[in-house]
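Asks: Fold the stuff below for me.
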Amino acid sequence: MRLLVAIGIIGWCISSAQPTFEGQYADLLFGHIDQAYVAPRAQKVIQLLDATHAVLSGCDDGVNWWGNILANITNNGRTMYVDFSPKGGPSSVEANLTTSGHITWTGNNFWERTSYTASFAGDYTSVFSGQTPPNFPGTEQSVSISVAPFTAPNYHTTTATLSSAAWPTGTVATGYINFNMLIADFTAVGGPSNVMANLTQSGDIQWIQAENMWQRDLCVASYDSNSSDADLIFTQNIVLSVISFVMMVLSVVGVVCFIVYLKLRKPDPLLVQ
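Replies: Here you go, the predicted structure:
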């Protein structure tokens, strides 16, 4: 009985854990996910500044990115109020996070999550081989990127440091980040400068001129390069939904068992006296 109660409590705690607003999205007002492709004018990104504040960026025309759109997060991380006035919109638009990690907006707009990753920071594996960075002589070479914190008034421009065990000890490459673009300087490790890369909707890095991909080492979900981003996110959502449902059922069972246990428990004779 106590075991069931413990399982119920654990289930309730796990079921209460939900995804945050941070990540990349496809604004369905401008486009949709189709075989791992998100229309450029539909791309939207949310980065958390802390537990109650976020900053948004995105593209509405497929060319120019807007940013520095601040938001306040309430309701235990489930509701967000966004000030779109810097780009000519309303000053307080309500958005709610669904249990599957998508966003519903006042006015019936919908942002479909494409990734839980909104930053270049992380650990990667180089997919294709080559002689000069960002390629490596062999495939599956590990690379790490650290990113300096974004600061006001521009929350979408910062610097990055790229490191790899394949490079000489103590040497690193540097980079400059502007929205979803990374411009790297590999001269310190024998490569070219001004090498551009995009942060993909799945959180990987696509090098444009070098025609190489740095694949993010994911913990929350494995990424199959032969499957679409939509399939990946669909699988993540199904898993999250199933886990949440099972844990909620366990929590209900635990509470019921605890109530039955209290009703059937015999009083302690010492306490009765």
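
Asks: So what pairs up with Leu70 in the strands?
Replies: Val55 (DSSP bridges).

Asks: That one contacts Asp50, doesn't it?
Replies: No: if you go by Cβ atoms under 8 Å, Leu70 and Asp50 don't touch, sitting 11.9 Å apart. All C-beta atoms are positioned from the backbone trio N, CA, C, and that covers glycine.

Asks: Name the residue in those two with the higher neighbour count.
Replies: When Leu70 and Asp50 are compared for neighbours, Leu70 comes out ahead with 17 against 7, by other Cβ atoms under 10 Å.

Asks: Return the residues in contact with the more buried one.
Replies: Listed by Cβ atoms under 8 Å, 6 or more residues apart in numbering, the contact partners of Leu70 are His53, Ala54, Val55, Leu56, Val82, Asp83.

Asks: center of this protein, which residue is that?
Replies: Tyr116 (1.8 Å; Cα atoms, centre = their mean).

Asks: Look up how far Leu48 lies from that residue.
Replies: Separation of Tyr116 from Leu48 (Cβ to Cβ, to the nearest Å): 11 Å.

Asks: what do the two both touch?
Replies: Glu22.

Asks: So Glu112, which state does it fall into?
Replies: Applying DSSP: H, G, I helix; E, B strand; the rest coil to Glu112 yields a three-state assignment of strand.

Asks: How many residues are close by the closest residue to it other than its chain neighbours?
Replies: Using Cβ to Cβ, 6 or more residues apart in numbering and skipping the chain neighbours, the partner closest in space to Glu112 is Ala26 (4.8 Å). As a burial measure, Ala26 scores 26 neighbours (other Cβ under 10 Å).

Asks: how about Ala26, secondary structure?
Replies: Relying on three-state DSSP, one would call Ala26 strand.
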